[in-house]
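> need a structure here:
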Amino acid sequence: MIGLMVKKEFRQLKRDKRMLPMVLLAPVVQLLLLGYAAVLEPKDVPVVVCDLDRTVRSRELTAEFFSSGFFLNAGYIDGSESIEEGMERAGGSAALVIPDGFGRNLEAGRTPEIAYFADGSDSTTAVVATGYAERIISRYASEYGTAGGSGTAAAASGAGSVGSGGTSGITASGFSIPSIDIRTRIFFNPALKSRDFMVPGLLALVLMVMTMMLTSLAVVKEKEIGTMEQLIVTPLGTRDILLGKLLPFIAIGVLDILLIIGASRVIFGLDIAGSFFLLFAFSLVFLFSSLGLGLLISTFSENQQQAMMASVFFVMMPMIILSGFVFPVENMPAPIRALTYALPLRYYFTIVRGIYLKGAGVAELWDEGAALLILGIIIFSISLLRFRKRLE
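Model (predicted):
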């Protein structure tokens, strides 16, 4: 009986011309779009330069700045206009101010001052680009010192403007370049590529969207066209109907897992640092929760439009925002952080990123996996009870 029900579901999927592209192409397309679009590190940040020193040393620093690949020369300003006016005119997101006497102080062993102004309207770009600027200036000071210079460079907080204008919305940063040789090493993502951090999370996101939404729409469609009543009067029991509806979407979920992992390797060159089989096993546990959510949504919806709206606004959006996909859970207020413990996606994100980037194993992830399994059992049990009640 269950086999006949599964066969019937696959026939329905085959007849629906829109469903097959959604199942096979949508995961890869979403991975491509989000993988290439979701890049957090800024590139080619436009910077205006106010070089009041005009010496060989100031030109060397400017050349070092723009040869890094992080910054783009947006033009030069002089002391006749404010920093804010110069940035607005040139379309710059930051300004580098090299004061008069910079080269002379550097060669004499005194501490010169360098000011860097950032446009804080885009806080993420401002913070990351300021870190880049600090590293570049530190590197120049180090190279100058090893080349025979006797002093180290430091930067004081910039003044409000070069000229007489104000700087509302412009943040002035000062850099302190110590004489201590600090050597750093970054584990798990040494290149600090946001794509390597985001792409594993996209596996979780795409898997949830595809399986939860397809399940909810497929069950509601039976009610819309009146075939659910026909199924109820057949010899099929509730268990047979349920398994017959879910088994095809379990197969689709497994196919999507393999597609996304393969596309991540082929397109982005991202290898799994840990065990593929462990990742696959945890993905099946998450698939259990996702299918349960889709089934639960279908019991509250009378048509496909309601199911779609409920999936997007009441499940997907809160999960994406609160699960740690973009915003760290640790930075959220305590009451909001407490809510995240009820989200399966939070645990699966930790698992996927742990296996992909850190090579984590069962010893490190067993608690996340246990929480994911418990939540899946709870969600699926509630969905099953409501589904049985609706059928009765």
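
> From here on, just use CA atoms for contacts and neighbour counts.
OK.

> This structure: strands as residue ranges?
Counting by DSSP state E, the chain has strands at residues 45-51, 71-76, 94-98, 115-119, 170-174.

> okay, the ones you listed in TSV with mean neighbour count next?
Below are the strands of the chain laid out as TSV (neighbours: other C-alpha atoms under 10 Å):
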stretch	mean neighbour count
strand 45-51	22
strand 71-76	18
strand 94-98	26
strand 115-119	24
strand 170-174	19
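
> so can I have TSV of those showing distance to T238 and mean pLDDT?
Shown next, in TSV, are the strands of the chain (distance: least, C-alpha to C-alpha, whole Å; pLDDT from 0 to 100):
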stretch	distance to T238	mean pLDDT
strand 45-51	60	88
strand 71-76	63	88
strand 94-98	64	87
strand 115-119	61	83
strand 170-174	64	57
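
> so which of those strands gets nearest L373?
Among those, the nearest to L373 by C-alpha to C-alpha is strand 45-51 (44.5 Å).

> what does that closest one rub up against?
By C-alpha atoms under 8 Å, 6 or more residues apart in numbering, the residues outside strand 45-51 that reach it are 58, 62, 70-79, 86-87, 90-100, 129.

> mind checking which helix or strand of this structure has the lowest mean pLDDT?
strand 170-174 (a mean of 57; mean pLDDT, DSSP states H and E).

> hang on, the earlier thing: could the strands of the chain go into CSV alongside distance to L384?
Output for the strands of the chain, formatted as CSV (distance: least, C-alpha to C-alpha, whole Å):
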stretch, distance to L384
strand 45-51, 53
strand 71-76, 56
strand 94-98, 56
strand 115-119, 53
strand 170-174, 55
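
> what's the closest of those to L284?
Using C-alpha to C-alpha, the nearest of these to L284 is strand 45-51, at 42.0 Å.

> how much does the closest one deviate in direction from strand 94-98?
Between strand 45-51 and strand 94-98, the angle comes out at 20 degrees (axes from the mean of the first three to the mean of the last three C-alpha atoms, to 10 degrees).

> Just give me how far strand 45-51 sits from the chain centre.
Relative to its parent chain, strand 45-51 has a centroid offset of 29 Å by C-alpha atoms, centre = their mean, to the nearest Å.

> okay, the angle between that strand and strand 115-119?
Strand 45-51 and strand 115-119 are oriented at 150 degrees to each other (the same axes, to 10 degrees).

> and strand 45-51, which strands flank it?
strand 71-76 (parallel), strand 94-98 (parallel) (DSSP bridges).

> my read: E330 touches T340, true?
No: if you go by C-alpha atoms under 8 Å, E330 and T340 don't touch, sitting 10.4 Å apart.

> Between the two, which has more neighbouring residues?
A direct count of neighbours by other C-alpha atoms under 10 Å for E330 and T340 places T340 higher, at 20 against 9.

> Check the spacing between the more buried one and F288 real quick.
Using C-alpha to C-alpha, to the nearest Å, we find T340 at a distance of 19 Å from F288.

> got it, and S93?
To F288, S93 is 46 Å away according to C-alpha to C-alpha.

> And A334, by the same measure?
Separation of A334 from F288 (C-alpha to C-alpha): 28 Å.

> Can you pick out the residue with more neighbours from those two?
F288 (23 against 10).

> which one is the more buried one nearest to, not counting chain neighbours?
Among residues not flanking F288 along the chain, G376 sits closest, at 6.0 Å (C-alpha to C-alpha, 6 or more residues apart in numbering).

> What are the boundaries of the helices in the stretch 101-250 of the chain?
All helices of the stretch 101-250 of the chain, identified by DSSP state H, counting those that start in this stretch, fall at 102-107, 123-146, 194-225, 227-232, 238-268.

> Relative to R11, which of the strands of the chain is closest?
strand 45-51 (52.9 Å).

> so that closest one versus helix 123-146, what angle?
Counting by the same axes, to 10 degrees, strand 45-51 lies at 50 degrees to helix 123-146.

> how about strand 45-51 as PDB, C-alpha atoms only?
As requested, the backbone C-alpha atoms of strand 45-51 are provided in PDB (Å, rounded to 0.1, in the frame of the first residue of the first chain):
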ATOM      1  CA  VAL A  45      36.700  50.700  -0.800                       C
ATOM      2  CA  PRO A  46      36.900  54.200  -2.300                       C
ATOM      3  CA  VAL A  47      39.300  56.400  -0.200                       C
ATOM      4  CA  VAL A  48      40.200  60.000  -0.700                       C
ATOM      5  CA  VAL A  49      43.700  61.100   0.300                       C
ATOM      6  CA  CYS A  50      44.700  64.400   2.000                       C
ATOM      7  CA  ASP A  51      48.500  64.500   1.700                       C
END
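
> on that earlier part again, out of the strands of the chain, nearest to I225?
Distance to I225, taken as C-alpha to C-alpha, is lowest for strand 45-51 among the strands of the chain, at 54.7 Å.

> Could you find the closest non-adjacent residue to S264?
Counting by C-alpha to C-alpha, 6+ apart, the residue nearest S264 is L270, at 5.7 Å.

> Does that neighbour touch D196 like I think?
Yes: counting by C-alpha under 8 Å, L270 touches D196, with 7.0 Å between them.

> Name the residue in those two with the higher neighbour count.
A direct count of neighbours by other C-alpha under 10 Å for L270 and D196 places D196 higher, at 22 against 18.

> any idea how far K221 is from the more buried one?
D196 is 38 Å from K221, where distance means C-alpha to C-alpha.

> number of nearby residues for V128?
13.

> With T111 instead?
For T111, the neighbour count with other C-alpha under 10 Å is 18.
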